[in-house]
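Q: this one's structure only:
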DNA sequence: GGTTTAATATTGGACATCCAATACATTTAT
DNA sequence: ATAAATGTATTGGATGTCCAATATTAAACC
(Lines give C-alpha, C1' and ligand atoms only; values in the text may rest on other atoms or scores of the structure.)
Protein backbone atom coordinates (compact mmCIF):
# COMPACT_ATOMS: atom_id res chain seq x y z
CA UNK A 1 0.00 0.00 0.00
CA UNK A 2 1.74 3.17 1.18
CA UNK A 3 5.34 3.61 0.07
CA UNK A 4 5.65 6.86 1.97
CA UNK A 5 9.15 8.19 2.36
CA UNK A 6 10.90 7.19 5.53
CA UNK A 7 14.24 8.14 7.10
CA UNK A 8 17.36 6.12 6.45
CA UNK A 9 18.59 4.44 9.63
CA UNK A 10 22.17 5.59 10.28
CA UNK A 11 24.96 3.05 10.49
CA UNK A 12 27.17 5.06 12.80
CA UNK A 13 25.44 4.57 16.12
CA UNK A 14 22.65 2.56 17.61
CA UNK A 15 19.27 4.22 17.36
CA UNK A 16 17.19 1.72 19.28
CA UNK A 17 15.15 2.73 22.27
CA UNK A 18 12.06 4.70 23.16
CA UNK A 19 9.81 2.11 21.55
CA UNK A 20 7.26 1.95 24.37
CA UNK A 21 7.27 5.71 24.61
CA UNK A 22 6.64 6.01 20.91
CA UNK A 23 3.83 3.48 21.03
CA UNK A 24 2.13 5.42 23.81
CA UNK A 25 2.46 8.59 21.80
CA UNK A 26 0.96 6.97 18.69
CA UNK A 27 -1.95 5.59 20.69
CA UNK A 28 -2.65 9.05 22.07
CA UNK A 29 -3.59 10.05 18.51
CA UNK A 30 -6.03 7.18 17.98
CA UNK A 31 -6.57 3.55 18.94
CA UNK A 32 -4.76 1.20 16.58
CA UNK A 33 -4.07 -2.45 16.01
CA UNK A 34 -0.58 -3.90 16.00
CA UNK A 35 -0.09 -3.65 12.27
CA UNK A 36 -1.13 -0.02 12.17
CA UNK A 37 1.31 0.79 14.95
CA UNK A 38 4.09 -1.01 13.08
CA UNK A 39 3.27 0.85 9.90
CA UNK A 40 3.33 4.21 11.66
CA UNK A 41 6.71 3.34 13.12
CA UNK A 42 8.00 2.38 9.69
CA UNK A 43 6.99 5.71 8.23
CA UNK A 44 8.60 7.60 11.07
CA UNK A 45 11.64 5.57 12.05
CA UNK A 46 12.41 3.96 8.72
CA UNK A 47 12.14 0.28 9.60
CA UNK A 48 9.02 -1.72 10.28
CA UNK A 49 9.23 -3.53 13.59
CA UNK A 50 8.52 -7.22 13.30
CA UNK A 51 5.95 -9.13 15.31
CA UNK A 52 8.59 -10.20 17.79
CA UNK A 53 9.28 -6.56 18.57
CA UNK A 54 5.86 -5.04 18.65
CA UNK A 55 3.72 -7.58 20.48
CA UNK A 56 5.98 -8.13 23.47
CA UNK A 57 6.16 -4.34 23.87
CA UNK A 58 2.38 -4.07 23.77
CA UNK A 59 2.05 -6.91 26.23
CA UNK A 60 4.38 -5.18 28.67
CA UNK A 61 2.50 -1.89 28.35
CA UNK A 62 -0.69 -3.76 29.07
CA UNK A 63 0.83 -5.49 32.08
CA UNK A 64 1.78 -2.07 33.42
CA UNK A 65 -1.79 -0.88 32.92
CA UNK A 66 -0.83 1.80 30.41
CA UNK A 67 -2.63 0.27 27.47
CA UNK A 68 -5.94 -1.51 27.02
CA UNK A 69 -6.88 -3.97 24.33
CA UNK A 70 -10.06 -5.18 22.71
CA UNK A 71 -10.15 -8.16 20.40
CA UNK A 72 -12.23 -7.60 17.28
CA UNK A 73 -12.33 -10.64 15.05
CA UNK A 74 -8.92 -11.02 13.51
CA UNK A 75 -7.45 -7.84 14.94
CA UNK A 76 -6.78 -6.42 18.40
CA UNK A 77 -7.40 -2.74 19.00
CA UNK A 78 -5.00 -1.15 21.46
CA UNK A 79 -5.76 2.13 23.21
CA UNK A 80 -4.33 4.31 25.98
CA UNK A 81 -5.60 3.82 29.50
CA UNK A 82 -5.96 6.76 31.86
CA UNK A 83 -2.64 5.90 33.49
CA UNK A 84 -1.11 5.61 30.05
CA UNK A 85 -2.32 9.06 29.19
CA UNK A 86 -0.90 10.55 32.38
CA UNK A 87 2.35 8.66 31.99
CA UNK A 88 2.75 9.81 28.41
CA UNK A 89 2.44 13.43 29.47
CA UNK A 90 5.33 13.06 31.91
CA UNK A 91 7.32 11.09 29.39
CA UNK A 92 6.86 13.74 26.68
CA UNK A 93 7.98 16.41 29.10
CA UNK A 94 11.07 14.41 29.92
CA UNK A 95 11.84 13.52 26.34
CA UNK A 96 11.67 17.10 25.10
CA UNK A 97 13.68 18.34 28.05
CA UNK A 98 16.33 15.67 27.52
CA UNK A 99 16.66 15.99 23.75
CA UNK A 100 15.39 19.52 23.14
CA UNK A 101 18.79 21.01 22.43
CA UNK A 102 19.44 18.57 19.62
CA UNK A 103 16.14 19.48 17.98
CA UNK A 104 16.71 23.20 18.46
CA UNK A 105 20.02 22.96 16.69
CA UNK A 106 18.42 21.09 13.80
CA UNK A 107 15.70 23.72 13.45
CA UNK A 108 18.29 26.47 13.20
CA UNK A 109 20.37 24.54 10.69
CA UNK A 110 17.50 24.00 8.23
CA UNK B 1 29.46 21.53 42.69
CA UNK B 2 26.71 22.33 40.19
CA UNK B 3 23.22 21.42 41.34
CA UNK B 4 21.66 22.56 38.08
CA UNK B 5 18.08 21.55 37.54
CA UNK B 6 17.55 18.36 35.60
CA UNK B 7 14.48 16.54 34.29
CA UNK B 8 12.71 13.90 36.35
CA UNK B 9 13.01 10.49 34.73
CA UNK B 10 9.48 9.16 34.14
CA UNK B 11 8.41 5.90 35.72
CA UNK B 12 5.89 5.00 33.05
CA UNK B 13 8.13 3.78 30.27
CA UNK B 14 11.73 3.02 29.62
CA UNK B 15 13.75 5.98 28.43
CA UNK B 16 17.05 4.30 27.78
CA UNK B 17 18.74 4.47 24.42
CA UNK B 18 20.55 6.90 22.19
CA UNK B 19 23.51 7.07 24.57
CA UNK B 20 26.20 6.78 21.89
CA UNK B 21 24.33 9.25 19.74
CA UNK B 22 24.14 11.71 22.62
CA UNK B 23 27.83 11.30 23.41
CA UNK B 24 28.74 12.06 19.80
CA UNK B 25 26.55 15.13 19.90
CA UNK B 26 28.16 16.36 23.12
CA UNK B 27 31.64 15.84 21.74
CA UNK B 28 30.74 17.87 18.67
CA UNK B 29 30.47 20.87 21.00
CA UNK B 30 33.88 20.40 22.56
CA UNK B 31 36.30 17.64 23.58
CA UNK B 32 35.56 16.32 27.06
CA UNK B 33 36.72 13.74 29.53
CA UNK B 34 34.45 10.96 30.81
CA UNK B 35 33.32 12.82 33.90
CA UNK B 36 32.39 15.91 31.93
CA UNK B 37 30.35 13.82 29.53
CA UNK B 38 28.60 12.12 32.45
CA UNK B 39 27.86 15.47 34.06
CA UNK B 40 26.42 16.88 30.83
CA UNK B 41 24.19 13.82 30.55
CA UNK B 42 23.04 14.27 34.14
CA UNK B 43 22.00 17.84 33.49
CA UNK B 44 20.14 16.88 30.37
CA UNK B 45 18.73 13.44 31.04
CA UNK B 46 18.33 13.66 34.78
CA UNK B 47 20.54 10.80 35.90
CA UNK B 48 24.29 10.61 35.92
CA UNK B 49 25.53 7.52 34.08
CA UNK B 50 27.93 5.46 36.15
CA UNK B 51 31.38 4.38 35.07
CA UNK B 52 30.05 1.02 33.91
CA UNK B 53 27.78 2.84 31.47
CA UNK B 54 29.97 5.56 30.11
CA UNK B 55 33.34 3.93 29.59
CA UNK B 56 32.18 0.87 27.67
CA UNK B 57 30.19 3.21 25.40
CA UNK B 58 33.25 5.36 24.79
CA UNK B 59 35.34 2.28 24.15
CA UNK B 60 32.88 1.06 21.54
CA UNK B 61 32.80 4.45 19.82
CA UNK B 62 36.56 4.39 19.72
CA UNK B 63 36.61 0.87 18.30
CA UNK B 64 34.30 2.08 15.54
CA UNK B 65 36.66 4.96 14.82
CA UNK B 66 34.11 7.63 15.67
CA UNK B 67 35.93 8.98 18.69
CA UNK B 68 39.58 9.64 19.52
CA UNK B 69 41.19 9.82 22.93
CA UNK B 70 44.24 11.38 24.48
CA UNK B 71 45.42 10.58 27.97
CA UNK B 72 46.43 13.61 30.00
CA UNK B 73 47.65 12.73 33.44
CA UNK B 74 44.63 11.59 35.43
CA UNK B 75 42.08 12.27 32.75
CA UNK B 76 41.38 11.12 29.21
CA UNK B 77 40.17 13.66 26.70
CA UNK B 78 37.73 12.31 24.14
CA UNK B 79 37.02 14.05 20.86
CA UNK B 80 35.14 13.43 17.61
CA UNK B 81 37.00 11.90 14.70
CA UNK B 82 36.23 12.90 11.14
CA UNK B 83 34.08 9.78 10.70
CA UNK B 84 32.37 10.58 13.97
CA UNK B 85 31.54 14.03 12.71
CA UNK B 86 30.09 12.70 9.47
CA UNK B 87 28.20 9.94 11.28
CA UNK B 88 26.73 12.38 13.75
CA UNK B 89 25.35 14.50 10.94
CA UNK B 90 23.45 11.54 9.51
CA UNK B 91 22.34 10.47 12.96
CA UNK B 92 20.99 13.93 13.79
CA UNK B 93 19.07 13.97 10.54
CA UNK B 94 17.57 10.61 11.35
CA UNK B 95 16.80 11.45 14.95
CA UNK B 96 14.98 14.66 14.11
CA UNK B 97 13.10 13.00 11.30
CA UNK B 98 12.08 10.10 13.53
CA UNK B 99 11.07 12.08 16.61
CA UNK B 100 10.33 15.51 15.16
CA UNK B 101 6.57 15.21 15.45
CA UNK B 102 6.72 14.59 19.16
CA UNK B 103 8.87 17.63 19.67
CA UNK B 104 6.73 19.81 17.41
CA UNK B 105 3.67 18.95 19.44
CA UNK B 106 5.45 19.90 22.64
CA UNK B 107 6.45 23.27 21.23
CA UNK B 108 2.87 24.04 20.32
CA UNK B 109 1.59 22.95 23.72
CA UNK B 110 3.90 25.23 25.68
C1' DG C 1 -15.04 -27.99 2.87
C1' DG C 2 -10.31 -26.67 2.09
C1' DT C 3 -6.78 -23.19 0.96
C1' DT C 4 -4.91 -18.87 1.32
C1' DT C 5 -4.26 -14.59 3.58
C1' DA C 6 -3.91 -11.30 7.40
C1' DA C 7 -3.22 -10.37 12.01
C1' DT C 8 -1.73 -11.80 16.42
C1' DA C 9 1.46 -13.96 19.35
C1' DT C 10 5.67 -16.52 21.36
C1' DT C 11 10.46 -18.07 21.42
C1' DG C 12 15.36 -17.61 21.29
C1' DG C 13 19.34 -15.12 20.37
C1' DA C 14 21.86 -10.62 19.80
C1' DC C 15 23.06 -6.16 21.39
C1' DA C 16 22.94 -1.36 23.70
C1' DT C 17 22.28 0.56 27.90
C1' DC C 18 21.84 0.64 32.64
C1' DC C 19 23.80 -0.11 37.74
C1' DA C 20 26.63 -1.92 41.63
C1' DA C 21 30.90 -3.52 42.80
C1' DT C 22 35.64 -3.67 42.27
C1' DA C 23 40.17 -2.23 40.81
C1' DC C 24 43.82 0.82 39.36
C1' DA C 25 46.40 5.18 38.40
C1' DT C 26 47.44 9.91 39.32
C1' DT C 27 47.10 14.01 41.76
C1' DT C 28 46.45 16.41 46.08
C1' DA C 29 46.49 16.87 51.03
C1' DT C 30 48.52 15.80 55.49
C1' DA D 1 55.80 8.99 52.74
C1' DT D 2 51.04 8.02 53.44
C1' DA D 3 46.32 8.83 52.88
C1' DA D 4 42.49 10.73 50.55
C1' DA D 5 40.36 12.15 46.50
C1' DT D 6 39.60 11.98 41.60
C1' DG D 7 39.24 9.97 37.15
C1' DT D 8 39.40 5.86 34.42
C1' DA D 9 38.24 1.25 33.51
C1' DT D 10 36.25 -3.66 33.80
C1' DT D 11 32.97 -7.20 35.30
C1' DG D 12 28.51 -9.30 35.87
C1' DG D 13 23.73 -9.13 35.86
C1' DA D 14 19.25 -6.96 34.44
C1' DT D 15 16.22 -5.04 31.02
C1' DG D 16 14.38 -3.06 26.56
C1' DT D 17 14.60 -3.46 21.84
C1' DC D 18 15.59 -5.74 17.73
C1' DC D 19 15.01 -9.89 14.16
C1' DA D 20 14.09 -14.60 12.30
C1' DA D 21 11.43 -18.45 12.84
C1' DT D 22 7.40 -20.69 14.20
C1' DA D 23 2.62 -21.14 15.59
C1' DT D 24 -2.24 -19.83 16.07
C1' DT D 25 -6.53 -17.68 14.90
C1' DA D 26 -10.12 -15.66 12.07
C1' DA D 27 -11.57 -13.88 7.77
C1' DA D 28 -11.70 -14.30 2.75
C1' DC D 29 -11.55 -16.96 -1.30
C1' DC D 30 -12.11 -21.06 -4.36
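A: Here it is on my side, so go on. Given the structure is predicted, the values throughout are model-derived calculations rather than measurements.
Q: for chain A, give me the ranges with low pLDDT.
A: Chain A contains residues with pLDDT under 70 at A:1-3, A:5, A:110.
Q: residue of it nearest DNA strand D, please.
A: Taking Cβ to the nearest atom of the strand as the measure, chain A has residue A:52 as its residue closest to DNA strand D, at 1.8 Å. Quick note: C-beta positions are derived from backbone N, CA and C, even for glycine.
Q: what number of residues lie near that residue?
A: Residues near residue A:52, counting by other Cβ atoms under 10 Å in any protein chain shown, number 8.
Q: what helix or strand is it on?
A: Element membership of residue A:52, judged by DSSP states H and E, is helix A:51-63.
Q: the helix ranked longest in chain A and chain B in contact?
A: Longest helix in chain A by number of residues (criterion: DSSP state H): helix A:82-109. Yes - residues of helix A:82-109 are located near chain B by Cβ under 8 Å from any Cβ of the partner chain, namely A:83-84, A:86-88, A:90-103, A:105-106.
Q: which other helices and strands contact that helix?
A: Using 3 or more Cβ pairs under 8 Å, 6 or more residues apart in numbering or on different chains; DSSP states H and E as the contact test, the elements touching helix A:82-109 are helix A:19-29, helix B:34-45, helix B:82-109.
Q: tell me the buried residues in it?
A: Neighbour counts over helix A:82-109 (16 or more other Cβ atoms under 10 Å in any protein chain shown) mark A:84, A:87-88, A:90-99, A:102-103, A:106 as buried.
Q: excluding sequence neighbours, find me the nearest residue to the residue in chain A that chain B sits nearest to.
A: Taking Cβ to the nearest Cβ, chain B has its nearest neighbour within chain A at residue A:17, 1.6 Å off. Among residues not flanking residue A:17 along the chain, residue B:17 sits closest, at 1.6 Å (Cβ to Cβ, 6 or more residues apart in numbering or on different chains).
Q: and that neighbour, how many neighbours?
A: Close neighbours of residue B:17, defined as other Cβ under 10 Å, add up to 15.
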